[in-house]
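Student: Next comes the sequence, and after it the predicted model I'd like to discuss.
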Amino acid sequence: MDTEQAKTLVESQGYHITDISYIPEGTGHDNFALTLDTGEQLVARFEKFKERKGVPQHRDGQYGGTLSLEREVALCTLINEKAGLPAPAVKGVYETDPRFLLVEQLPGRWWKEYLENQ
């Protein structure tokens, strides 16, 4: 997915984006950093399907199991509420094609950037 397609899909849900950039992280989603016209910074995570034996799948390549945006929401909620650790606030899951999740962007560095500077 390219940045223009991501911007169009997010804006179709009523958001106004002033800046968008691709985040080269992860294999299960296409991720984009967004800045809204309000100054709020968000991350959009779009479902990405891979074909295996001709069947589209959305699987966790590291731990197995099916990936889903609902799983992402549950993990953010669990980490924040039960463990008391910082986790991004979920803005919502949007039923576009492909579906996507919007979460707040937390301060820090992207994992890839951190590894490159070690």
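Tutor: Nice, I can see it. Residues are numbered from 1 along each chain as shown.

Student: Setting aside sequence neighbours, what's the nearest residue to Ile23?
Tutor: Leaving aside its chain neighbours, Ile23 sits nearest to Asn31 (4.0 Å; criterion: Cβ to Cβ, 6 or more residues apart in numbering). Every residue, glycine included, has its C-beta placed from N, CA and C.

Student: Distance of the one you found relative to Gln105?
Tutor: Asn31 is 11 Å from Gln105, where distance means Cβ to Cβ, to the nearest Å.

Student: Next, show the common contact partners of these two.
Tutor: Here Asn31 and Gln105 have Val43 as joint contacts, going by Cβ atoms under 8 Å, 6 or more residues apart in numbering.

Student: Which one of these two is surrounded by more residues?
Tutor: Asn31 (21 against 14; other Cβ atoms under 10 Å).

Student: helix or strand for the more buried one, which one?
Tutor: In the assignment (DSSP states H and E), Asn31 maps to strand 29-36.
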